[in-house]
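Student: sequence and computational prediction follow.
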Amino acid sequence: MARKKQSSSPKRAGLGVARVPLKKKKRTYKHWTPDEQKRFVTAFTLYPRKWKKIAEYVGTKTPRQTQGHGEYYLKQLERAGEEVPPPEKPGRQSEHWTANEHERFLVGLSTHGRQWVEVAKVVRTRTSEQVSGHAHGYFQQLEREGKGHLIPPLGQPGPEGSEHWTSDEHERFVTAFTLYPRKW
């Protein structure tokens, strides 16, 4: 006669004890407010995939929450067929500027003024020299369209206490450069 294998489960063993199901931990999702989303998009443009900096900029979310939201945001951009900004190093590009590059240029320009190295960090896909050249062409276009008042002045201090040349210093430099070209 074959022996029956004993079951390790109390119910199967005939003891009449039922298992108590484990309670699942209820996740609480905090939705992003429109204001938080706006700050997120601005911060993502300034600090792509730097979740800690983005979280600090947003101010109400942790870096982990920001990263999860950011990855979801990138997937939404892909599904919508929009350009997903890759984490790129600046390189030499001869092509025309894309609409997204120009938008990032405008964000960087409004944030950092004429600090081309800082603006290039915001653009991410162009060098500071390319950003400076783009700014020159953009400023000429604004002048042609009668919107010269939108051009940031030379002597205006930057947002983080950076030092810009004053208009007087710039005029003296141009005069000296005209008199003594490339005689540093």
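Tutor: Received the coordinates, thanks.
Student: could I get the buried residue list for stretch 116-136?
Tutor: Using 16 or more other C-beta atoms under 10 Å as the test for burial, stretch 116-136 gives 116, 118-128, 130-131, 134-135. (C-beta placed from N, C-alpha, C; glycine too.)
Student: just the closest of the residues you listed to residue 38, please.
Tutor: The nearest member of the buried residues of stretch 116-136 to residue 38, counting by C-beta to C-beta, is residue 122 at 16.9 Å.
Student: which strands or helices does the helix or strand hosting that closest one pack on?
Tutor: Of the helices and strands defined by DSSP states H and E, residue 122 is found in helix 116-123. Under the contact criterion of 3 or more C-beta pairs under 8 Å, 6 or more residues apart in numbering; DSSP states H and E, the helices and strands touching helix 116-123 comprise helix 99-112, helix 128-144.
Student: residues touching the longest one, excluding its own?
Tutor: Taking C-beta atoms under 8 Å, 6 or more residues apart in numbering as the criterion, the residues outside helix 128-144 that touch it are 90, 93, 97, 102, 105, 108-109, 114, 116-117, 119-120, 123, 126, 148, 150-151.
Student: do you have the strands of the chain handy? List them.
Tutor: Along the chain, no segments are classed as strands by DSSP state E.
Student: any idea of the mean pLDDT for the helix holding residue 122?
Tutor: The predicted model gives helix 116-123 an average pLDDT of 88.
Student: quick one: pLDDT of the residue nearest to residue 151 when sequence neighbours are not counted?
Tutor: Closest residue in space to residue 151, ignoring its immediate chain neighbours: residue 139 at 5.0 Å, by C-beta to C-beta, 6 or more residues apart in numbering. Per-residue confidence at residue 139 stands at 88 (pLDDT).
Student: residue 33: neighbouring residues, count only.
Tutor: For residue 33, the neighbour count with other C-beta atoms under 10 Å is 10.
Student: again with the one 4 residues further on
Tutor: The local packing of residue 37 (other C-beta under 10 Å) involves 14 other residues.
Student: residue 72 now?
Tutor: Counted with other C-beta under 10 Å, residues neighbouring residue 72 total 11.
Student: next, the contact list for it, please.
Tutor: When contacts are taken as C-beta under 8 Å, 6+ apart, residue 72 is in contact with no other residue.
Student: shaky segments in the protein?
Tutor: 1-18, 20-30, 85-94, 155-167, 169-171, 173-174, 177, 180-184 (pLDDT under 70).
Student: that concludes my questions; thank you for your assistance.
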